[in-house]
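J.: Build me a model:
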Amino acid sequence: MPFAAAPEFKKHKAKCEAEAKKIPNSGDALAVVKKSGDVEKAAAAWDKAYKAGDAKALRAALADLLQATKIFRAKLSAVIVKAQKAKNEGAVEVAADMLGGAMNVEQMAQLESLTALKKLEKAGSGKEMPATTFFADWTAAKKMFEALTGKKKPAEGFLLAFRASSGLEKATKALDAATRANDVDALQKAIKGFEKTGSEYFATVKKKAKVSVAADDTDIPDESEEAFNYDQALAILLKNLNVIRKEAGDILAEARK
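T.: Below is the predicted model:
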């Protein structure tokens, strides 16, 4: 059965809403889940462009869908951070489930778009591969991370380490370029570069985060809000890096066919 973004998203949304009614204290997550109109609208537009086989419309619809899902995912991630701090497992469960559903729709739409545009290109209906969003993904991940950790004025050394991300910016731009060129060898090389740079960068930021918390621990208990913010933000940062790696790997697998 062909993939359809809007029905898939609505199905998962309905599932999460039904679960939330059975789970205590999940109101915050449910409120975000219900306010997903932008994603549903973008998903419906993508479905229409995909069905029509219009390369230009499909590229534009994909860009809009990715933007809508990223904003939606950021809101869900914020709910998860807040709920974990309050030890509200119900809200965490619902938000995490919806987050997974949104990511699945996003990834499937990208893969289906890539396949469709390759076919259109061969048929002469399209002239270029879709613009990818790895660099945009990384930029959004950085902004989210800094927002989460900036509430308690992170140590200057930590922020300097976090902002010194030119290696990852270069790596994600290489992923974008290789994908647009549909160059299997270049994409494989770019993925290896991203993996190496991402691992080194994450290790450095994690180390600096621990130093920052330790330096401020003289008047903050071990279970401090600051330590919590760092831990949760680091987990989200790593998840975003892994999403970029998975999406690039999926595109590579598709390009090899």
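J.: what bits of the protein have low per-residue confidence?
T.: The model of the chain has pLDDT under 70 over residues 1, 121-132, 144, 146-166, 208-230, 232.
J.: Just the buried positions in the lengthiest helix in it, please.
T.: In the chain, taking DSSP state H as the definition, the longest helix is helix 89-123. For helix 89-123, burial by neighbour count (16 or more other Cβ atoms under 10 Å) applies to 90-99, 101-103, 105-107, 109-114, 116-118, 120. In this view, the C-beta of every residue, glycine as well, is placed from N, C-alpha and C.
J.: From what I see, residue 36 and residue 72 are in contact.
T.: Yes - contact criterion Cβ atoms under 8 Å: residue 36 and residue 72 qualify, at 5.9 Å.
J.: Neighbour count: those two, which is higher?
T.: residue 72 (25 against 22; other Cβ atoms under 10 Å).
J.: tell me which element the more buried one falls in.
T.: helix 55-85 (DSSP states H and E).
J.: circling back to that earlier point, for the longest helix of the chain, name the packing helices and strands.
T.: Applying 3 or more Cβ pairs under 8 Å, 6 or more residues apart in numbering; DSSP states H and E, one finds that helix 89-123 contacts helix 5-22, helix 27-34, helix 37-52, helix 55-85, helix 225-255.
J.: Any figure for the gap between residue 100 and residue 12?
T.: 8 Å (Cβ to Cβ, to the nearest Å).
J.: correction: residue 55
T.: Relative to residue 12, residue 55 is positioned 28 Å away (Cβ to Cβ).
J.: And for residue 79?
T.: 16 Å.
J.: of these two, who's got more company?
T.: residue 79 (25 against 19).
J.: Tell me who's in contact with the residue nearest to that one when sequence neighbours are not counted.
T.: With sequence-adjacent residues excluded and distances taken as Cβ to Cβ, 6 or more residues apart in numbering, residue 79 is closest to residue 95, at 4.5 Å. Residues in contact with residue 95 (Cβ atoms under 8 Å, 6 or more residues apart in numbering) are 28, 29, 32, 33, 76, 77, 79, 80, 83.
J.: One more pass at 10 Å, please.
T.: 16, 20, 26, 28-30, 32-33, 73, 75-84, 88 (Cβ atoms under 10 Å, 6 or more residues apart in numbering).
J.: Neighbours of residue 182, how many?
T.: Other residues within reach of residue 182, judged by other Cβ under 10 Å, total 17.
J.: How much space separates it from residue 42?
T.: 25 Å.
J.: Same question for residue 167.
T.: From residue 167 to residue 42 the distance is 32 Å (Cβ to Cβ).
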